[in-house]
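Engineer: Got a predicted structure plus its sequence, pasted below:
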Amino acid sequence: MPEESYDTLFTSDFSQWVRADVAQQDELVARKQTVTTAKGPVEYATIGKGPVVLAIHGGPGGYDQGILLFEWLARAGFTVLAPSRPGYLGTPVSSGKSPAEQADLYAALLDTLGIDNVALVFGSAGGASGYEFAIRYPKRVTALVAADAVVSQYLMPANAGPVVQALFLSGPGEQLISYFSKHFPKQTLHEFLQQESLLRPEQIDRQVEASLKDPDQMRLLLRFARSMSEYSLRKAGVDNDMEGLASISDLPVEKILCPALIIHGTHDSDVLFYHGVYARENIPNAENVWVREGSHLCLWISPQSHDVQARIIAFLTLHK
């Protein structure tokens, strides 16, 4: 449960609360390093102590998204290892364009760092390379958690018109989102849910009001916005994802041998519910959590987010 209450968070000094979290974000993202592997350079960061969880970000994103959005796993007793996928921040596209090549890059990173095996957590556009890693390196994966993750062909959502792309896929747009998340969180959250879900207006309003009372969800909203900022440093990765994911077909996830937990929002408008259902039905003995009225962000921002995160921690603890 959140430590702060709605009253102390939003009727005292919200700006001060934001500054405190931004300072914590600064400490986390300052941990980045770059190594040269057999497959090319990789930027990454680690936080926490314990069994290693390889956190594969979506798009836009980078290593910062991995550590900012999965810090709660570090607090639960795991080491979060978060690389920047090729084309994002400090990892060049040449280190691996296709999902399979990116999976090989993750293996090379583990070799370089002297890590034998990991659990996987991944979501969104990072899903294809995450599933490929589990397929190609079964002995190195103890368990996987997929959250609203791509497992088949991915195309730009139908509701992502020119205005939406200008907001979410441009430098000025991301600067605007970053500013609004710090000063107008209600409006920012409403915009996120409107673009990342199939929810009706009244359903969005209910979720926004509930999330505004939860400091953990508001903290993650700030961190989502930050992990998409400096878009010029992430554009090559987004472009590579959009080109590569449009050409893949259903991945052969029936070859995955490790325990798997599939999480998906039933109202995700970005990575449609089909992706979660396909993974659940084809990975042997996979478990699932379908988040009712869940958006693309349901693991972090939804009325069920705390319960889903607790389920993930229990799952990874059981299979570490």
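Structural biologist: The structure has been received and is ready for your questions.
Engineer: for His57, what are its contacts?
Structural biologist: His57 makes contact with 63, 65-66, 69, 82, 84-85, 88, 122-124, 126, 227 under the criterion CB atoms under 8 Å, 6 or more residues apart in numbering. Where you see a C-beta, it was placed from the backbone N, CA and C, and this is true even at glycine.
Engineer: Shouldn't Leu89 be within a strand?
Structural biologist: No. Assessed with DSSP: H, G, I helix; E, B strand; the rest coil, Leu89 is coil; it does not lie in a strand.
Engineer: thinking again about what came up before, which members of the contacts of His57 are positioned in helices?
Structural biologist: Applying DSSP state H to these, the entries found in helices are 63, 65-66, 69.
Engineer: how about the helices in this protein?
Structural biologist: For the chain, the helices defined by DSSP H occupy 6-10, 14-29, 63-69, 71-75, 99-113, 127-136, 162-168, 171-183, 185-195, 201-212, 215-226, 235-245, 273-282, 305-318.
Engineer: Of the ones you listed, which stretch is the most buried?
Structural biologist: helix 63-69 (a mean of 28; mean count of other CB atoms under 10 Å).
Engineer: So which residues make contact with it?
Structural biologist: Against helix 63-69 from outside (CB under 8 Å, 6+ apart): 25, 28-29, 31-32, 43-47, 55-58, 74, 80, 82-84, 88-90, 220, 223-224, 226-228, 300.
Engineer: Stretch 197-212 too?
Structural biologist: 6, 10, 185-186, 189-190, 193-194, 217-218, 221, 265, 267-269, 293-296, 301-303.
Engineer: Quick check: the residue lying closest to Arg75 once chain neighbours are set aside vs Ala82, distance?
Structural biologist: Residue nearest to Arg75 in three dimensions, not counting chain neighbours: Gly48, with 7.4 Å by CB to CB, 6 or more residues apart in numbering. In this view, Gly48 and Ala82 are 11 Å apart by CB to CB, to the nearest Å.
Engineer: Give me the more crowded residue out of those two.
Structural biologist: Of the pair Gly48 and Ala82, Ala82 is the one with more neighbours under other CB atoms under 10 Å, namely 28 against 20.
Engineer: thought the more buried one was touching Tyr44?
Structural biologist: Yes. Using CB atoms under 8 Å, Ala82 is in contact with Tyr44, at 6.2 Å.
Engineer: if we can go back for a sec, would you format the helices of the chain as a markdown table with distance to Ile256 included?
Structural biologist: What follows is the helices of the chain, written out as a markdown table (distance: least, CB to CB, whole Å):
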| stretch | distance to Ile256 |
| --- | --- |
| helix 6-10 | 41 |
| helix 14-29 | 30 |
| helix 63-69 | 21 |
| helix 71-75 | 21 |
| helix 99-113 | 12 |
| helix 127-136 | 5 |
| helix 162-168 | 31 |
| helix 171-183 | 34 |
| helix 185-195 | 31 |
| helix 201-212 | 32 |
| helix 215-226 | 28 |
| helix 235-245 | 19 |
| helix 273-282 | 9 |
| helix 305-318 | 15 |
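Engineer: Among these, which comes closest to Val145?
Structural biologist: Nearest to Val145, of all these, is helix 305-318, at 5.4 Å by CB to CB.
Engineer: quick one: contacts of the closest one?
Structural biologist: Residues from elsewhere that reach helix 305-318 (CB under 8 Å, 6+ apart): 1, 51, 53, 72-73, 76-78, 119, 121, 143, 145, 214, 216-217, 259, 261, 263, 287, 289, 291, 298-299, 302.
Engineer: Mind checking which of those are buried?
Structural biologist: Neighbour counting with 16 or more other CB atoms under 10 Å marks 51, 53, 72-73, 76, 78, 119, 121, 143, 145, 214, 216-217, 259, 261, 263, 289, 291, 298-299, 302 as buried within the contacts of helix 305-318.
Engineer: Return the subset of those lying in strands.
Structural biologist: If you go by DSSP state E, the buried ones among the contacts of helix 305-318 have 53, 119, 121, 143, 145, 261, 263, 289, 291 in strands.
Engineer: Fine, thanks again, bye for now.
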